[in-house]
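Student: Just a sequence and a predicted model for now, questions to come.
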Amino acid sequence: MSDIIRRDPRAEWIARNRLHPLHAAMQPVQTSWMGPAGVIRKNPHAVGFIGPNGVKRIDRSGAQQGGAIKRSAVADVQLPLHQVANPAFYIAVVPDMVGGRLSSHDRDLLGLAHQLAGKDGAVLAVVFGEHKETAFASNGVDRLLQICGDEFEGYAPEQRIQGLRAVDNQFSPRHWLLPDSRTGGGELGRRLGASLGERPATRVWQVKGGQCIGRAGAGQQDLARAMPRLILAAAECAEPVDETRHEVLPVALSTAPLRSLSRIEDLGAVAVDPAAIPMAEAEFIFSGGNGVKDWDLFHRTAHALGATEGASRVAVDDGFMSRDRQVGASGTWVTARVYVAVGISGAIQHLQGIGACDKVVAINLDPTCDMIKRADLSVIGDSAAILQALIAAVEAYRNEARTGIAA
């Protein structure tokens, strides 16, 4: 047989003719592209199979990509250990650590720090107070510096700057990285820049070739400049670390930070009605779907948990929730730290809308539904019985707390 590649005029004609029934099948499918934030995105519709009725189906189980391995088996795989015995320099990262854990924004920031550190540098994470994070190793932290003390608790930006100045004097990081966020990193980074006399690069979404590119002009333009020492990065500034695990060696300050005479008094958090929080800004969302039969019980549970209520499109179309509570690609894209899905099977549009959520909890009767596959924690059973048990557990916990305070 000849090795000469032959043209197929008929196939070329079909590819040009948009009205032909086979036109779509002749088009190359784009499987990945670079998003507006510089992060490579994947097209979930590019992977699938043709069903017996001729309809294309999407395989979310991962079987076609060799991913039909259960999560428990994947968790046992040991990633290669990245060690830096004698770092030539440090990349200092100050994550927000909202709720004592790394957020998705923090993980993106650590991914950027790992890129800047390369093979010779080490990523130094600076954490204030106690934390609950157990995945520093899988997120690219080589050295962990924990600064504790009552003076650093709550809203204490002036004292935290003193702590960061002590870190700068001892470790002399090549770069400082902070999240340009509303949860503390943006303000702390600008205060640090004023204290160090450094002009920070803000809203940075890409670092490449010794330059950083940040958003400007109300997010409509990009501003490129030489990479400074202090970088305030936006979300999705880099891919999180997922191919290596790190040592997370603890380090300490040789001298205690100076005490700052605070001119700010922290009066504590202000109680906010969860129903008044916009869906896109909510940290804890309690969402209901077609599987919820007792909506009064659903509302009582959300109130007991102090969560913002959400709903699937089916629940909104049936009139159980208002349109502004709809979660998904056809509703609101949410970035909650905890998303609880009650009676939601997990349509592709809904799964797209919760793609940026940190932790997903699913309550459903069907153990094979797509929401169960997406969830980090699944509870299989009747939603009414589970919600009643959840309300009882919350009330018991609060009663014990009140008893402990009274004693």
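Tutor: Looks like it came in fine.
Student: any idea where the strands of the stretch 301-407 of the chain begin and end?
Tutor: For the stretch 301-407 of the chain, applying DSSP state E, counting those that start in this stretch gives strands covering 308-311, 338-342, 359-364, 377-380.
Student: Nearest to residue 131, out of these?
Tutor: Residue 131 lies closest, by Cβ to Cβ, to one member of the strands of the stretch 301-407 of the chain: strand 359-364, at 16.0 Å. C-betas here are computed from N, CA, C, even on glycine.
Student: Could you give me the buried positions within that closest one?
Tutor: Using 16 or more other Cβ atoms under 10 Å as the test for burial, strand 359-364 gives 360, 361, 362, 363, 364.
Student: Could you report the separation of the last one from residue 341?
Tutor: Using Cβ to Cβ, to the nearest Å, we find residue 364 at a distance of 8 Å from residue 341.
Student: Check the second one too.
Tutor: Between residue 361 and residue 341 the computed distance is 7 Å (Cβ to Cβ).
Student: quick one: common contacting residues for those two?
Tutor: Contact criterion Cβ atoms under 8 Å, 6 or more residues apart in numbering; residues shared by residue 361 and residue 341: residue 375.
Student: re earlier: would you format the strands of the stretch 301-407 of the chain as JSON lines with distance to residue 254 included?
Tutor: Below are the strands of the stretch 301-407 of the chain laid out as JSON lines (distance: least, Cβ to Cβ, whole Å):
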{"stretch": "strand 308-311", "distance to residue 254": "45"}
{"stretch": "strand 338-342", "distance to residue 254": "39"}
{"stretch": "strand 359-364", "distance to residue 254": "37"}
{"stretch": "strand 377-380", "distance to residue 254": "42"}
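Student: Kindly reformat the ones you listed as a markdown table and extend each row with distance to residue 159 and mean pLDDT.
Tutor: Shown next, in a markdown table, are those (distance: least, Cβ to Cβ, whole Å; pLDDT from 0 to 100):
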| stretch | distance to residue 159 | mean pLDDT |
| --- | --- | --- |
| strand 308-311 | 32 | 95 |
| strand 338-342 | 30 | 95 |
| strand 359-364 | 31 | 94 |
| strand 377-380 | 37 | 94 |
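Student: and of those strands, who's closest to residue 228?
Tutor: Checking those against residue 228 by Cβ to Cβ gives strand 359-364 as the closest, at 34.4 Å.
Student: Now that closest one - C-alpha only, CSV.
Tutor: C-alpha atoms of strand 359-364 as CSV (Å, rounded to 0.1, in the frame of the first residue of the first chain):
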residue,chain,number,x,y,z
LYS,A,359,-15.7,21.3,49.7
VAL,A,360,-18.9,19.8,48.4
VAL,A,361,-21.2,17.7,50.6
ALA,A,362,-24.0,15.7,48.8
ILE,A,363,-27.1,14.3,50.4
ASN,A,364,-28.9,12.0,48.1
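Student: burial count for residue 275?
Tutor: Number of residues near residue 275 (other Cβ atoms under 10 Å) recorded here: 12.
Student: Oops, could you answer that again for residue 311 instead?
Tutor: 31.
Student: For the residue lying closest to it once chain neighbours are set aside, give me the pLDDT.
Tutor: For residue 311, ignoring the flanking residues on the chain, the nearest one in space by Cβ to Cβ, 6 or more residues apart in numbering is residue 321 at 3.7 Å. At residue 321, the predicted lDDT confidence score is 93.
Student: Tell me which residues touch the closest residue to residue 316 other than its chain neighbours, please.
Tutor: Nearest non-adjacent residue to residue 316, counting by Cβ to Cβ, 6+ apart: residue 326, 4.5 Å away. By Cβ under 8 Å, 6+ apart, the contact set of residue 326 is 310, 311, 312, 313, 316, 332.
Student: Test my guess that the fourth one contacts residue 347.
Tutor: Yes: in this structure, residue 313 sits in contact with residue 347. The criterion is Cβ atoms under 8 Å, and the distance is 7.5 Å.
Student: Comparing the two, which residue is more hemmed in?
Tutor: More crowded of residue 313 and residue 347, by other Cβ under 10 Å: residue 313, with 22 against 19.
Student: Could you identify the helix or strand that succeeds the lowest-mean-pLDDT helix or strand in the chain?
Tutor: Each helix and strand of the chain was given a mean pLDDT (mean pLDDT, DSSP states H and E); the minimum falls on helix 71-75 at a mean of 42. Using DSSP states H and E, the helix or strand that follows helix 71-75 in sequence is strand 81-82.
Student: Give the rounded mean pLDDT of that next one.
Tutor: Mean pLDDT, computed over strand 81-82, is 92.
Student: does residue 15 sit in a helix or strand, and which one?
Tutor: Per DSSP H and E, residue 15 falls inside helix 9-16.
Student: For that helix, output the C-alpha coordinates as PDB.
Tutor: Taking Å, rounded to 0.1, in the frame of the first residue of the first chain, the C-alpha atoms of helix 9-16 are listed here in PDB:
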ATOM      1  CA  PRO A   9     -12.600  15.900  -1.700                       C
ATOM      2  CA  ARG A  10     -16.000  14.800  -0.400                       C
ATOM      3  CA  ALA A  11     -14.900  15.100   3.300                       C
ATOM      4  CA  GLU A  12     -13.500  18.600   2.500                       C
ATOM      5  CA  TRP A  13     -16.800  19.600   0.900                       C
ATOM      6  CA  ILE A  14     -18.800  18.400   4.000                       C
ATOM      7  CA  ALA A  15     -16.400  20.300   6.300                       C
ATOM      8  CA  ARG A  16     -17.100  23.500   4.400                       C
END
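Student: Since that was my last question, I'll sign off now.
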